[in-house]
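In: Quick one: sequence plus predicted model below, questions after.
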There are 2 protein chains.
Amino acid sequence: MSDVARRAGVSPTTASFVLAGRRDMRISGDAEERVRQAARELGYRPNLTARGLRTSVTRTIALISDTIATTPFAGEVIHGALDAAGAREHVLFVAETEGDPQTETRLVEGMLDRQVDGFVYAAMYTREVRLPPALHDAKVVLLNCWARDTRAPSVLPDEVNAGRDAARLLLDAGQLGGVHVVGGRHVTRATPEGVWAGVERMRGIEEVFAGAGVRVAGVAECDWQPEDGHREVLRLLDAGAVPRALVCLNDRLALGAYQALQDKGLRVGDDVAVVSFDDSDLAGWLRPGLTSVGLPHYRLGRTAVELLLDDDAGPGVRHVPMPVALRASHGPQ
Amino acid sequence: MSDVARRAGVSPTTASFVLAGRRDMRISGDAEERVRQAARELGYRPNLTARGLRTSVTRTIALISDTIATTPFAGEVIHGALDAAGAREHVLFVAETEGDPQTETRLVEGMLDRQVDGFVYAAMYTREVRLPPALHDAKVVLLNCWARDTRAPSVLPDEVNAGRDAARLLLDAGQLGGVHVVGGRHVTRATPEGVWAGVERMRGIEEVFAGAGVRVAGVAECDWQPEDGHREVLRLLDAGAVPRALVCLNDRLALGAYQALQDKGLRVGDDVAVVSFDDSDLAGWLRPGLTSVGLPHYRLGRTAVELLLDDDAGPGVRHVPMPVALRASHGPQ
DNA sequence: CTGAAAGCGCTAACAA
DNA sequence: TTGTTAGCGCTTTCAG
């Protein structure tokens, strides 16, 4: 930088001010132009490490999650975070703890040692977390999770409304009975209360059907894998139920449901309406196309970083709407 | 650090040497112990920004790709890269260019300004790339791509062997004819020569069948989406062909093939063997399970970073083996 | 084996 | 408006 200053015939201070783009000190237009010119000629680029050392801002943020690899809560979140960071000339560290507290500590300290400006602390599945102590006085936003005892804001998908939307879709398609839910709150040994996404979706679903005076014919509480959907729907059919509509709590369950309906010679959409959640790639690949309320991965990642960087981030929860992807499975056209 | 030195009763020099773990200057065991003790008591952590400024090594690397979000070439690559980086106490910047050269330049310069130690330059689909000029004298390894005029090594999946494995699987299951290939080299308007993965896989497939004296009954050149698989297999069946085995060039094509076979009342595995490539989640969800030769995403990411950091990286290509995931679709048990 | 001192490239008092 | 100068926290000659 001193080369630039010398060539422009100004002091390092002046050069620093114009190159850092600061407008809070009056610099003559002439001097400014000379500095820019010199910088261009010398191909000058600021050394952000040095600037970081001096100012302790690095224009760098860390995205720390328990697991980033396992789809689907992966790529699009990063993508959204990247876009928001890039738009603000920040750069993104990515790290994963694999659920191990020791790894977590190691990573957080590594980031702190590198003077990151803030953290996005993300969870694969929406849930409550305990913020690592080292983050207690760092700038943090929580993504897809929440924590007690912190002023850090949370960004969460709006699952209740997703549930409402799914139910309304069926109502609007004329379903007035024979609606079965597959998957439920996702009660398992590990999650006796159900999974947050399940609980919230069910809340929305039941609220809307109840409000419309439609009785949900049944809820099959089970795991959320294809084989569970297949088994439960088969069981339903074998028990002589005549479902008119299926609300599957995710796309994998819906895949299983498709297979079961096909086994019994029933046509999705015509004989039985199906709506689902997640809007994964699978939903578009199935025939007929699966109508599904999508997780807003991209927006979640993006919103979290915006919140982190646009420092109007009071505590509390931001709900991100879940978009419904209309295809053919929710009813005959 | 000077606090630590003072408390340990040594000079900053001595403290620096023991805290940076350097063994090339004899420090008395006593002094060393006192320094460590003092550091522990004060909760000392080195400021890596300062160290970076002084030494210009930041223990930081950048993973730059055209697209990281779009599955499937996403999470597992990052995961592998992260593991390798973490094992060497490095930290990983992630960035994506979205195929835009200007964005690419901006990102590369941003990373250079932050003094990253090296770059992993990755492509979504295996192909030749042009390395951005700014990277010409940086430490780089290419992931899932290659470039002329560079000494940077490439890490690529071993597609030819994947093709060979798929063919051998069918041969070993007793298939001696009626083998159809769905997808081929993936010739489209944009890729008149076919896609690299397609070309390489086909090379392996044809080599093995030819070597065994088995004639491939037909190759349906088409796009690689589910609907293409569905259409092509239906066309095959309608033309009166009696396929005994299908080699689908990816899992999405196989999904389409499953649907077509089902439409015609044929059972996968029993009536028609199916093998495929990619080993995506889908392969495990299908019924019967789809036997598929997987892209080694994790290993690719990991190998690239190892190559970058373990500086025995001469130029040339490293082929990473593609693991075959045996399920039920390749033949009756 | 240890310490004094210079300096990595930049920013920000403070003085002019 | 601009320039002088002292560091940010660390490493590393070089002299003891």
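Out: Cool, the structure landed.

In: Helices of chain A, start to end?
Out: Assigned by DSSP state H, chain A shows helices spanning A:2-8, A:12-19, A:29-42, A:48-55, A:75-87, A:101-113, A:159-172, A:196-211, A:226-238, A:251-263, A:281-285, A:297-309.

In: Export those as CSV, with columns for distance to residue B:327, mean pLDDT and mean neighbour count.
Out: From N, CA and C alone the C-beta is placed, and that goes for glycine too. Shown next, in CSV, are these (distance: least, C-beta to C-beta, whole Å; pLDDT from 0 to 100; neighbours: other C-beta atoms under 10 Å in any protein chain shown):
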stretch, distance to residue B:327, mean pLDDT, mean neighbour count
helix A:2-8, 63, 84, 17
helix A:12-19, 59, 85, 19
helix A:29-42, 60, 85, 15
helix A:48-55, 49, 92, 18
helix A:75-87, 25, 93, 23
helix A:101-113, 33, 96, 17
helix A:159-172, 32, 97, 22
helix A:196-211, 29, 97, 20
helix A:226-238, 13, 96, 20
helix A:251-263, 15, 95, 24
helix A:281-285, 17, 92, 20
helix A:297-309, 28, 96, 24
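
In: My guess is residue A:218 contacts residue A:235. True?
Out: No - Residue A:218 lies out of contact with residue A:235 (C-beta atoms under 8 Å); the separation is 10.4 Å.

In: Would you convert the helices of chain A into a markdown table that also reports distance to residue A:327?
Out: Output for the helices of chain A, formatted as a markdown table (distance: least, C-beta to C-beta, whole Å):
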| stretch | distance to residue A:327 |
| --- | --- |
| helix A:2-8 | 58 |
| helix A:12-19 | 53 |
| helix A:29-42 | 53 |
| helix A:48-55 | 46 |
| helix A:75-87 | 19 |
| helix A:101-113 | 40 |
| helix A:159-172 | 11 |
| helix A:196-211 | 19 |
| helix A:226-238 | 17 |
| helix A:251-263 | 11 |
| helix A:281-285 | 7 |
| helix A:297-309 | 19 |
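
In: could these go into TSV alongside distance to DNA strand C?
Out: As requested, the helices of chain A are exported to TSV (distance: least, C-beta to the nearest atom of the strand, whole Å):
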stretch	distance to DNA strand C
helix A:2-8	7
helix A:12-19	3
helix A:29-42	10
helix A:48-55	3
helix A:75-87	19
helix A:101-113	16
helix A:159-172	43
helix A:196-211	43
helix A:226-238	55
helix A:251-263	49
helix A:281-285	44
helix A:297-309	18
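
In: residues touching residue A:317, list them.
Out: Neighbour list for residue A:317: A:146, A:153, A:154, A:155, A:156 [criterion: C-beta atoms under 8 Å, 6 or more residues apart in numbering or on different chains].

In: out of those, who's nearest chain B?
Out: residue A:155 (17.6 Å; C-beta to the nearest C-beta).

In: rewinding a little: most neighbours among the contacts of residue A:317, which one?
Out: When those are compared by neighbour count (other C-beta atoms under 10 Å in any protein chain shown), residue A:155 ends up highest, at 27 neighbours.

In: what's the distance between that one and DNA strand C?
Out: Taking C-beta to the nearest atom of the strand, to the nearest Å as the measure, residue A:155 falls 31 Å from DNA strand C.

In: and what of residue A:278?
Out: Going from residue A:278 to DNA strand C by C-beta to the nearest atom of the strand gives 45 Å.

In: How many residues are close by that residue?
Out: As a measure of burial, residue A:278 has 26 neighbours, counting by other C-beta under 10 Å.

In: so it touches residue A:253, yeah?
Out: No - counting by C-beta under 8 Å, residue A:278 stays clear of residue A:253, with 9.6 Å between them.

In: residues in contact with the residue lying closest to residue A:150 once chain neighbours are set aside?
Out: With sequence-adjacent residues excluded and distances taken as C-beta to C-beta, 6 or more residues apart in numbering or on different chains, residue A:150 is closest to residue A:131, at 5.4 Å. Going by C-beta under 8 Å, 6+ apart, residue A:131 touches A:121, A:140, A:142, A:147, A:149, A:150, A:152.

In: how about 7 Å then?
Out: Residues near residue A:131 by C-beta atoms under 7 Å, 6 or more residues apart in numbering or on different chains: A:121, A:140, A:147, A:150.

In: What of residue A:300?
Out: So residue A:300 contacts A:77, A:80, A:143, A:144, A:155, A:157, A:320 (C-beta under 7 Å, 6+ apart).

In: Swap in 10 Å and give it another go.
Out: A:73, A:76-77, A:80-81, A:120, A:122, A:143-144, A:155-157, A:318, A:320 (C-beta atoms under 10 Å, 6 or more residues apart in numbering or on different chains).

In: For it, give its distance to residue A:319.
Out: Counting by C-beta to C-beta, to the nearest Å, the separation of residue A:300 from residue A:319 is 10 Å.

In: got it, and residue A:39?
Out: In terms of C-beta to C-beta, residue A:39 sits 45 Å off from residue A:319.

In: that older thread, who wins for most neighbours among the contacts of residue A:131?
Out: Result: residue A:121 is most packed of those (other C-beta under 10 Å), 28 neighbours.

In: shouldn't that residue be in contact with residue A:61?
Out: No - using C-beta atoms under 10 Å as the test, residue A:121 is too far from residue A:61 to be in contact (11.1 Å).

In: ok now stretch A:109-129, how far from the chain's centre?
Out: Using C-alpha atoms, centre = their mean, to the nearest Å, the distance from the centre of stretch A:109-129 to the centre of the chain it belongs to is 15 Å.
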